[in-house]
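J.: I would like to see how this sequence folds:
(one chain, ligands or ions: 2)
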Amino acid sequence: MKTSFAPDRLADPAIAEAEQILRRCVHCGFCTATCPTFLELGDERDSPRGRIYMMKGMLERDEPATADVVRHIDRCLGCFACMTTCPSGVDYMHLSDMARARVAETYTRPLPERLLRGLLARLLPYPGRFRAALIGGRIAKRLGLDRWLGGLRPELKAMMALMPDEVPAPAATDRPQLWPAEGTRRGRVALLAGCAQQVLAPGINAATIRVLTRHGFDVVVAREAGCCGALVQHMGLMEQARDQARRNVAAWAALADQPGGLDAIVVTTSGCGTPIKDYGHLLAGDAYYADRARLVAGLARDVTEVLAGLDLTPVRHLPAGLPVAYHAACSLQHGQKIRDLPKEVLKRLGVTPLEPAEPHICCGSAGTYNMLQPELAGRLGARKAQNLRRTGAAVVAAGNLGCLTQIATHMPEARFIHTVELADWLTGGPVPDALAGVVEAGVVEDVA
Ligand code: SF4
Ligand code: SF4
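T.: Ligands and ions are numbered 1, 2, ... in the order given. From the prediction side, this is the model:
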């Protein structure tokens with residue numbers, strides 16, 4: 001794509017990077033075939049190619065974002081299916097980061113939108129605040145206020161629909177501490193305790209700690225680590241995202257510097273793994289943190305990558321009549337290019353994963369997307385649920401809680417489980433909550 005940035009603008013490293021990205025696009029339009037918003041809306045401006053043109057215009061002319069540009073950028077899920085498809089290697093991820101930051105800096109959103117986004121940015125990354133908000137939401141539901149709240153804004157209605165029936169008690173596994181290896185010690189890893197996931201589904205990190213310690217790893221939950229920064233990054237709040245990244249980098253780099261070091265930083269939410277693996281880029285301009293950020297990014301592993309390196313020996317198997325489908329989270333398959341590994345891990349555990357049609361298409365979860373774009377997220381959620389339903393699956397496994405929560409609202413008849421919870425249970429852990437009541441009768445124990 002031909003660009004015409006003013007030479008003085010190219011002195012800004014971010015603009016120079018944007019120019020390089022834009023120049024790779026050859027307008028072929030292959031990406032439109034796999035873009036969920038283009039498939040749903042059929043509007044070129046809601047395709048990757050159309051958005052790239054709009055971003056180019058805004059950045060090249062150094063203009064503030066217009067309402068029209070914001071509408072189409074906001075509708076982008078950040079699923080990065082376009083990057084998987086693009087034959088020219090256009091780095092849509094970093095270009096859209098710049099465009100979202102430009103929107104945040106130059107566009108004044110209507111007051112209700114500002115309030116809503118501000119609320120999400122101040123609640124979701126902080127487990128204590130998020131838990132209090134969920135409890136408040138539960139009380140509002142009991143008092144019948146949810147319909148009134150939902151009537152105020154479609155986004156509030158979507159939040160109420162996504163709210164769990166119960167808020168689990170805080171888990172000991174998410175508190176900063178060392179979980180020592182069992183048996184022969186083979187290494188030490190840090191675990192990202194995360195933010196929203198530890199409140200909604202503490203069983204995921206607990207299962208990870210069990211399966212890793214059983215296989216010889218010390219697991220450390222670092223005191224200072226917290227939200228990965230993805231939630232605010234997706235809203236264009238890049239400085240907040242960098243601050244959250246710096247805190248994690250400092251915490252994990254300090255662990256890596258200790259005697260014994262770190263073999264990996266294990267991430268159980270693939271939506272967090274993608275930005276953590278990109279910390280080197282996010283903090284490249286920070287003289288103090290750049291090297292540490294690269295170190296941390298190089299150590300980050302999705303939990304399925306770690307599971308794949310273990311000698312996983314199933315001690316039980318799923319009862320007949322409980323077929324499992326695997327849902328590929330976009331952050332895993334497109335963001336981290338981990339497509340087949342989780343299915344191979346499941347096969348080694350004796351599970352034959354069913355694969356839905358359109359596995360490359362996003363379920364509509366995408367961080368805060370299902371709250372901020374409920375109509376489009378609902379259409380994509382229903383589309384994903386229908387494709388999963390056609391597999392005949394009774395259980396859906398995935399590596400990202402956001403996807404599991406989103407699809408569950410459209411597929412109430414199924415059970416939803418994280419891949420690592422299946423791995424833990426099948427190799428000796430307790431029955432996961434998602435399978436409680438259905439496996440006890442049919443499970444076959446193979447323990448010698
Ligand atoms: S990130 Fe996803 S929604 Fe956004 S343009 Fe690319 S394919 Fe479309
Ligand atoms: S597939 Fe790549 S090169 Fe082709 S239009 Fe899309 S972004 Fe541009």
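
J.: gap between Gly118 and ligand 1?
T.: As judged by Cβ to the nearest ligand atom, to the nearest Å, Gly118 and ligand 1 stand 24 Å apart. The C-beta positions use only the backbone N, C-alpha and C, and glycine is treated the same way.

J.: tell me, how many residues neighbour that residue?
T.: Neighbour count for Gly118, taken as other Cβ atoms under 10 Å: 13.

J.: any idea which element it lies in?
T.: helix 111-123 (DSSP states H and E).

J.: just the C-alpha atoms of that helix, please, in CSV.
T.: Taking only C-alpha atoms (Å, rounded to 0.1, in the frame of the first residue of the first chain), the coordinates of helix 111-123 have been written out as CSV:
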residue,chain,number,x,y,z
LEU,A,111,-20.8,10.3,28.6
PRO,A,112,-22.5,7.0,29.2
GLU,A,113,-19.8,5.2,27.1
ARG,A,114,-17.1,7.0,29.0
LEU,A,115,-18.6,6.0,32.3
LEU,A,116,-19.0,2.4,31.2
ARG,A,117,-15.4,2.1,29.9
GLY,A,118,-14.0,3.8,32.9
LEU,A,119,-15.9,1.4,35.2
LEU,A,120,-14.6,-1.6,33.4
ALA,A,121,-11.0,-0.3,33.4
ARG,A,122,-11.2,0.3,37.2
LEU,A,123,-13.0,-2.9,38.1
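
J.: residues making contact with that helix?
T.: Residues outside helix 111-123 that contact it (Cβ atoms under 8 Å, 6 or more residues apart in numbering) are 108-109, 129-130, 133, 153, 155-156, 231-232, 235, 237, 240, 368, 371-372.

J.: ok, 10 Å please
T.: 70, 74, 104, 108-110, 129-134, 152-153, 155-156, 159, 195-196, 231-232, 234-237, 240, 367-368, 371-372 (Cβ atoms under 10 Å, 6 or more residues apart in numbering).

J.: just the buried residues of the residues you listed.
T.: 70, 74, 104, 109, 130-131, 133-134, 155-156, 159, 195-196, 231-232, 234-237, 240, 367-368, 371-372 (16 or more other Cβ atoms under 10 Å).

J.: could you pull up the mean pLDDT of the helix or strand hosting Ala385?
T.: Secondary structure assigned from DSSP H and E places Ala385 in helix 374-389. The pLDDT scores in helix 374-389 average 97.

J.: any idea how far that helix is from the middle of the chain?
T.: Chain-centre distance of helix 374-389: 17 Å, with Cα atoms, centre = their mean, to the nearest Å.

J.: and stretch 360-371, anywhere near ligand 2?
T.: No. With Cβ under 6 Å from any ligand atom as the criterion, ligand 2 is not reached by stretch 360-371; the gap is at least 13.9 Å.

J.: worst-scoring helix or strand of this protein, pLDDT-wise?
T.: Lowest mean confidence among the helices and strands of the chain (mean pLDDT, DSSP states H and E): strand 444-445, at a mean of 44.

J.: output the contacting helices and strands for the following helix or strand past the helix holding Ala385.
T.: As assigned by DSSP H and E, the chain's next helix or strand after helix 374-389 is strand 395-398. Contacts defined by 3 or more Cβ pairs under 10 Å, 6 or more residues apart in numbering; DSSP states H and E place strand 395-398 against strand 324-326, helix 341-348, helix 374-389, helix 401-408, strand 415-418, helix 419-426.

J.: if we can go back for a sec, how far off helix 401-408 does the helix holding Ala385 point, in degrees?
T.: 80 degrees (axes from the mean of the first three to the mean of the last three Cα atoms, to 10 degrees).

J.: what residues of helix 374-389 count as buried?
T.: Within helix 374-389, the residues that count as buried by 16+ other Cβ under 10 Å are 374, 376-385, 387-389.

J.: same deal with stretch 114-126?
T.: The neighbour-count check on stretch 114-126 (16+ other Cβ under 10 Å) flags 116-117, 120-121, 123-126 as buried.

J.: pretty sure Gly78 contacts Cys362?
T.: Yes. Taking Cβ atoms under 10 Å as the definition, Gly78 is a contact partner of Cys362 at 9.0 Å.

J.: these two: which has the busier surroundings?
T.: Cys362 (29 against 22).

J.: the more buried one should be in a helix, yeah?
T.: No. Going by DSSP: H, G, I helix; E, B strand; the rest coil, the assignment for Cys362 is coil, not a helix.

J.: assess the claim that it and Asn387 are in contact.
T.: No. Counting by Cβ under 10 Å, Cys362 stays clear of Asn387, with 11.9 Å between them.

J.: what's around Glu63, how many residues?
T.: 12.

J.: so Val396 is in contact with Ala328, correct?
T.: No. The pair Val396 and Ala328 does not pass the contact test of Cβ under 10 Å, sitting 11.2 Å apart.

J.: list residues touching both of these two?
T.: Common neighbours of Val396 and Ala328 (Cβ under 10 Å, 6+ apart) are 353, 356, 403.

J.: poorly predicted segments of this protein, please.
T.: Applying pLDDT under 70 to the chain flags residues 439-448.

J.: all strands of it, in order?
T.: Along the chain, counting by DSSP state E, strands occupy 177-179, 187-191, 217-221, 264-267, 300-302, 316-317, 324-326, 395-398, 415-418, 444-445.

J.: I would like the residues contacting the third one, please.
T.: Read that as strand 217-221. If you take Cβ under 10 Å, 6+ apart as the criterion, strand 217-221 is touched by 173-182, 185-193, 198, 205, 208-213, 251-252, 255, 258, 260, 262-266, 306, 310.

J.: adjacent strands (with direction) for that strand?
T.: Sheet partners assigned to strand 217-221 using DSSP bridges are listed as strand 177-179 (antiparallel), strand 187-191 (parallel).

J.: from these, which stretch is densest packed?
T.: Most buried of those by mean neighbour count (mean count of other Cβ atoms under 10 Å) is strand 187-191; its value is a mean of 22.

J.: surely Gly194 and Thr173 touch.
T.: No. With contact defined as Cβ under 10 Å, Gly194 does not reach Thr173; the gap is 11.4 Å.

J.: now the common contact residues for these two.
T.: Going by Cβ under 10 Å, 6+ apart, residues that sit against Gly194 and also against Thr173 are 204-205.
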